[in-house]
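**Q** I need the structure of the sequence given here:
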Amino acid sequence: MRRLLPLLLLAACSTTSRQVAAPTPTPTPSPTPVREGVEVTVGSKPCGVLSAAGFLWVSDYGDDDVARIDPATHKVLSRAGTGAAPCGMAYGAGSVWVEDYGGNAVTRVDARTGNKQQEYAVGSAPYDVAFLAGAAWSTDYSDGTLTRVDAASGRTSKVEVGGTPTGIAPSAGLLWVADGSKDVVKVDPRTSRVVGRVPIGITSTWTAFDDRHVWVSDTGSGQVVVLDTTTSTVLGTATTGGKPADGDAVQDVGWFPDRQTGDVVGVDATGAVVGRHHTGLADPFVLDSAGTTLWVGDFAGTGVQVLPVS
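**A** You can find the predicted model right below:
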């Protein structure tokens, strides 16, 4: 810039009184992001998504059912009725377990046939569900509790965790609960006791997990924290922007749908943002992985989008 300055001054001194207006540059429009995946029509307000037992399962919040889908042909094979407003799902003991947010219940569905097996009363406003140590566990948002549903007997019991529990993740033999505070609560599923709290510096909301890590999103601040679940330490914090919701992990990367931008954002185990897909969905809320693909539901529509993991 310094070398250009004398030339600019010289040009200004030699200018005559006749002024010629410079042409107004035409602004270059921003490119419209291209939707990357294939969309599969399922039902009204697809909320939870789960890959289990060779099928893809989608809970239709607006239809009060769960669709069983062939992941190769994208055809809906069967539907099972649930309680009101189903969303989060987990797999265990040969069944898919679905939390019914509007019905204060968990519905059990046969993972082989797709038929409804049983419905269990849990706490108020269940937000998510996990399966570990022979039981399904729901986060009861309005009660500050977890409800344990024993898969063998069907008996239920409670664990007080406090706060407003939302996401729940099984990893390293423990349950990791996002309770709306600046901590993550650790619960031992064998004793049904809280065994610790890990400060994470953000408001814990939703989760993704593998055997050694839990990723915790803060939907309000647009951040994701990565925890080492073998040492209970924070490995890193990523600023993803937007409103990251409920995710899943693939090959040491936690992927989160962004309810603000419609993107799917990847965060590695060090807390670095390593990927971003544009879905074009109006409200991607929950995603799940199946092999080398991500399945993302559009809570504002009727479809689930299939994205490559890369």
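
**Q** gap between residue 268 and residue 81?
**A** Note on residue 268: its distance to residue 81, by Cβ to Cβ, to the nearest Å, is 40 Å. Any C-beta I mention is one placed from the backbone N, CA and C, and that applies to glycine too.

**Q** out of those two, which sits in the busier spot?
**A** residue 268 (19 against 14; other Cβ atoms under 10 Å).

**Q** So which residues of the stretch 1-150 of the chain form helices?
**A** 4-13 (DSSP state H, counting those that start in this stretch).

**Q** can you check the stretch 151-300 of the chain too?
**A** Counting by DSSP H, counting those that start in this stretch, the stretch 151-300 of the chain contains no helices.

**Q** and the residue nearest the centre of the chain, how far is that from residue 209?
**A** Centroid-nearest residue in the chain, with Cα atoms, centre = their mean: residue 246, separated by 1.6 Å. Look at residue 246 and residue 209: by Cβ to Cβ, they are 11 Å apart.

**Q** what residues are up against the residue nearest to the centre of the chain?
**A** Counting by Cβ atoms under 8 Å, 6 or more residues apart in numbering, residue 246 touches 88, 128, 167, 206, 207, 208, 217, 256, 257, 285, 286, 287.

**Q** Now tabulate those residues in TSV and tack on distance to residue 75 and neighbour count.
**A** Shown next, in TSV, are the contacts of residue 246 (distance: Cβ to Cβ, whole Å; neighbours: other Cβ atoms under 10 Å):
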residue	distance to residue 75	neighbour count
88	24	28
128	28	26
167	30	28
206	29	26
207	30	29
208	28	28
217	32	33
256	28	29
257	24	33
285	23	23
286	21	27
287	21	24
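
**Q** So which of those are in strands?
**A** Using DSSP state E, 88, 128, 206, 207, 208, 217, 256, 257, 285, 286, 287 are the members of those that sit in strands.

**Q** for the contacts of residue 246, which one is nearest residue 299?
**A** Proximity of those to residue 299 (Cβ to Cβ) peaks at residue 285, which lies at 4.1 Å.

**Q** Can you check what pLDDT the model gives that closest one?
**A** Per-residue pLDDT puts residue 285 at 97.

**Q** Now for it: which residues touch it?
**A** 47, 245, 246, 257, 259, 297, 298, 299.

**Q** residues near the last one, how many?
**A** Meaning residue 299. The burial count assigned to residue 299 is 21, neighbours taken as other Cβ under 10 Å.

**Q** same deal with residue 157?
**A** Count around residue 157 with other Cβ under 10 Å applied: 12.

**Q** And the residue lying closest to it once chain neighbours are set aside, how far from residue 125?
**A** Nearest non-adjacent residue to residue 157, counting by Cβ to Cβ, 6 or more residues apart in numbering: residue 148, 4.9 Å away. Separation of residue 148 from residue 125 (Cβ to Cβ): 17 Å.

**Q** Looking only at neighbour counts, state which of the two leads.
**A** residue 148 (22 against 19).

**Q** Contact partners for the residue nearest to residue 296 when sequence neighbours are not counted?
**A** Nearest non-adjacent residue to residue 296, counting by Cβ to Cβ, 6+ apart: residue 287, 4.3 Å away. Contact analysis of residue 287 by Cβ under 8 Å, 6+ apart lists 49, 246, 247, 248, 255, 256, 257, 264, 294, 295, 296, 297.

**Q** From residue 151, how far off is residue 287?
**A** 25 Å.

**Q** Residue 176 now?
**A** Counting by Cβ to Cβ, the gap from residue 176 to residue 151 is 20 Å.

**Q** out of those two, which sits in the more crowded spot?
**A** residue 176 (25 against 16).

**Q** surely that one meets residue 229?
**A** Yes: the pair residue 176 / residue 229 is scored as a contact, 6.7 Å apart, by Cβ atoms under 8 Å.

**Q** okay, and the helix or strand of this structure with the least pLDDT?
**A** helix 4-13 (a mean of 30; mean pLDDT, DSSP states H and E).

**Q** which neighbours do residue 176 and residue 229 share?
**A** Shared contacts of residue 176 and residue 229, counting by Cβ under 8 Å, 6+ apart, come down to 209, 214.

**Q** OK, contacts around residue 171?
**A** So residue 171 contacts 209, 210, 211, 212, 213, 214, 229 (Cβ under 8 Å, 6+ apart).

**Q** change it to 10 Å
**A** 130, 132, 207, 209-214, 227-230, 249 (Cβ atoms under 10 Å, 6 or more residues apart in numbering).
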